[in-house]
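> next input, structure requested:
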Amino acid sequence: MSDYDFSAPRLFVQAAIAAGEAIALDKAQANYLGNVLRLSSGDGVLIFNGRDGEWLARVEQGGRRVAGLMPEKQTRPQPPGSDLLCLFAPLKHARLDYMVQKAVEMGASVLAPVLTRRTQVSRVNLERMEANAVEAAEQCGILAIPAVREPARLDDALARLEPGRLLVFCDEGAPVANAVAALAQAREEGAHAGIAVLIGPEGGFDEAERDLILARPDTVRLSLGPRILRADTAAVAALAVVQAVLGDWCGNEAASG
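As a prediction, the model looks like this:
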């Protein structure tokens, strides 16, 4: 990514991308390209859809307005998908926006709200989460948009995890220990079928929930240091250490085991 042109405008599109096949834009996208970025006919835009890699496309105008995009050539192929689930207790508005954006930047492939006994937010705006995920991907050169799941109770979310998937349980009640060493030990114990990171609510997990989580096989109880972190900060910290030890920061495919 060192030679990547971060100054180039990028746009996520839903349509399939192929050379010479025009892509229609919705009103908001056309307004963004024409009135915000002030692009005109023939100007280049990098586009991606999470499936077909990244492409250079040229603006096409209809009259005075941007009408669509014409894909010209692929600039980057679609990379292998990661397998890093981010499970988290929902937060309020701006802090949830922040956490979603950072989770996308850190390589999460799934965003899964989990309802716990101390969760303060019971209703989650999934469309807003998806919009924040798209915006983060557009701004950071990311080619994959994580799936956004419906909120689920903690017990249901745990039951949905595949056998063999490593669950990194970020527990504010865990004894302070070396998080890197704990994950390295899990790595040495053998390959796993992907990774899930679990972040709790502001009030933490209660004892019954903690017992439920720790009863699951392939679970690592992780301390995030001697300080109490807000939930959105904890998510970033946990994803960073996971990627550094088990994921693509250390040269592996993200969370491939």
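> can you report how many residues lie near Asp232?
Neighbour count for Asp232, taken as other Cβ atoms under 10 Å: 22. Any C-beta I mention is one placed from the backbone N, CA and C, and that applies to glycine too.
> on the three-state scheme, it is what?
Under the three-state scheme (DSSP: H, G, I helix; E, B strand; the rest coil), Asp232 adopts helix.
> from Gln101, how far out is it?
Going from Asp232 to Gln101 by Cβ to Cβ, to the nearest Å gives 10 Å.
> can you tell me which residue sits nearest the middle of this protein?
Val104 (2.7 Å; Cα atoms, centre = their mean).
> so who does the closest residue to Leu166 other than its chain neighbours touch?
Ranked by Cβ to Cβ, 6 or more residues apart in numbering and with sequence neighbours excluded, the top spatial neighbour of Leu166 is His192, at 3.9 Å. Contact partners of His192, counting by Cβ atoms under 8 Å, 6 or more residues apart in numbering, are 164-166, 186, 218, 257.
> if I look at the residue nearest to the centre of the chain, how far off is Ser122?
24 Å.
> let me know the pLDDT of Leu224.
With respect to pLDDT, Leu224 scores 88.
> my guess is it contacts Ala179. True?
Yes: the criterion here is Cβ atoms under 8 Å, and Leu224 meets it with Ala179 at 6.5 Å.
> joint contacts of the two?
Val241.
> could you check which of these two has the larger neighbour count?
Ala179 (23 against 20).
> sketch out the low-pLDDT regions of the stretch 51-200 of the chain for me.
Applying pLDDT under 70 to the stretch 51-200 of the chain flags residues 63.
> hey, where'd the strands end up in it?
54-62, 65-76, 84-88, 110-115, 147-148, 152-153, 166-170, 195-199 (DSSP state E, counting those that start in this stretch).
> redo those strands as TSV? Include mean neighbour count.
Output for the strands of the stretch 51-200 of the chain, formatted as TSV (neighbours: other Cβ atoms under 10 Å):
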stretch	mean neighbour count
strand 54-62	18
strand 65-76	17
strand 84-88	27
strand 110-115	21
strand 147-148	16
strand 152-153	14
strand 166-170	24
strand 195-199	27
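> so what's Val148 bridging to?
With DSSP bridges as the criterion, Val148 is bridged to Leu111.
> residues in contact with it?
Val148 makes contact with 110-111, 126, 129-130, 133, according to Cβ under 8 Å, 6+ apart.
> what's the answer for Leu154, then?
Applying Cβ under 8 Å, 6+ apart, we find Leu154 in contact with 114-116, 209, 212-213.
> now do Thr75
Thr75 sits next to 46, 53-56 when contact means Cβ under 8 Å, 6+ apart.
> repeat for Ala144
Applying Cβ under 8 Å, 6+ apart to Ala144 gives the contacts 50, 78-79, 81-82, 109, 137.
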